[in-house]
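A.B. asks: sequence-free structure coming up:
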């Protein structure tokens, strides 16, 4: 899917993040909260609660910031009336992530100990899956247990919503043989691999990038309407 909006490289994404933290004095948890909220808001738009069979959403979280975004999204989805369940097998010792887990638990979000080994089980129980396994910093091949998780997700019929990068994809080259999400929520700015996304819904989230940074990197991005936390990227 060719995009009329700016798509950035992995290096550019890393530089923008570094400037947000240093030059613009954002904290990780600030950006994570806004990113996760934008993901949950996108799910509400693309998969309205009253159109779903059960309202059950499975959030698959990796060990990094992408997984943190997923935990935040799970909490907001619960507030929005969905039934969120998280799979978070590789937990970090950083206090930020421990806090996110406690917050989810206080909203009675269940955590799966083991990932379902049969994709039909997922199809039967869940209406939507959020892929929050790997972000734009990921390189190489997925390792256990995530390789097996991705193999199963490749066979499910439930729509998948990927956060920023479809997990397992190369940030720039994509992976047409890998995960095929129905929805992609690009954060801050679409990455190069978004040009290969063929799902139904492509949204931009993470409404926090300052105008000066947009100007510096010559980013052509849509404006967020009103108080919306996400905006559809219409590539037509």
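C.D. replies: That came through fine. Note that the structure is a prediction, hence the values are computed from the model and not measured. Residues are numbered from 1 along each chain as shown.
A.B. asks: can you map out the strands along this protein?
C.D. replies: 56-61, 83-87, 110-112, 128-132, 160-163, 183-187, 201-205, 230-232 (DSSP state E).
A.B. asks: Now do the same contact list for residue 200.
C.D. replies: 46, 182, 183 (CB atoms under 8 Å, 6 or more residues apart in numbering). The way it works is simple: take the backbone N, C-alpha and C, and place the C-beta from them, glycine included.
A.B. asks: how about a cut-off of 6 Å?
C.D. replies: For residue 200, the contact set (CB atoms under 6 Å, 6 or more residues apart in numbering) comprises residue 182.
A.B. asks: Give the residue spans of this protein that score low on pLDDT.
C.D. replies: 1-3, 176, 235-236 (pLDDT under 70).
A.B. asks: Name the residues linked to the residue nearest to the spatial centre of it by a beta bridge.
C.D. replies: The centroid of the chain falls nearest to residue 163 when counting by CA atoms, centre = their mean (1.6 Å). When assigned by DSSP bridges, residue 163 has beta-bridge partners residue 185.
A.B. asks: can you pull the contacts of it?
C.D. replies: Here residue 163 is in contact with 39, 66, 69, 132, 185 (CB under 6 Å, 6+ apart).
A.B. asks: My understanding was that the first one contacts residue 72; is that so?
C.D. replies: No. With contact taken as CB atoms under 6 Å, residue 39 and residue 72 are classed as non-touching, separated by 7.8 Å.
A.B. asks: Counting neighbours, go ahead and name the busier of the two.
C.D. replies: residue 39 (32 against 25; other CB atoms under 10 Å).
A.B. asks: gap between the more buried one and residue 75?
C.D. replies: To residue 75, residue 39 is 11 Å away according to CB to CB, to the nearest Å.
A.B. asks: just residue 154 next, same as before
C.D. replies: Residue 154 is 27 Å from residue 75, by CB to CB.
A.B. asks: Between those two, point out the one with more neighbours.
C.D. replies: Of the pair residue 154 and residue 75, residue 75 is the one with more neighbours under other CB under 10 Å, namely 24 against 14.
A.B. asks: any idea how far that one lies from residue 197?
C.D. replies: 26 Å.
A.B. asks: ok, now residue 32?
C.D. replies: Taking CB to CB, one finds residue 32 at 23 Å from residue 197.
A.B. asks: Residue 191 contacts residue 171, correct?
C.D. replies: Yes. With contact defined as CB under 6 Å, residue 191 counts as touching residue 171 (5.3 Å).
A.B. asks: Overlap of the contact sets of those two?
C.D. replies: residue 136.
A.B. asks: Show me which of the two is the more surrounded one.
C.D. replies: Neighbour count, other CB under 10 Å: between residue 191 and residue 171, residue 191 has more, with 26 against 23.
A.B. asks: residue contacts, the more buried one?
C.D. replies: Per CB under 6 Å, 6+ apart, neighbours of residue 191: 136, 171.
A.B. asks: Specify the beta-bridge partners of it.
C.D. replies: residue 8.
A.B. asks: gap between it and residue 27?
C.D. replies: Taking CB to CB, one finds residue 191 at 23 Å from residue 27.
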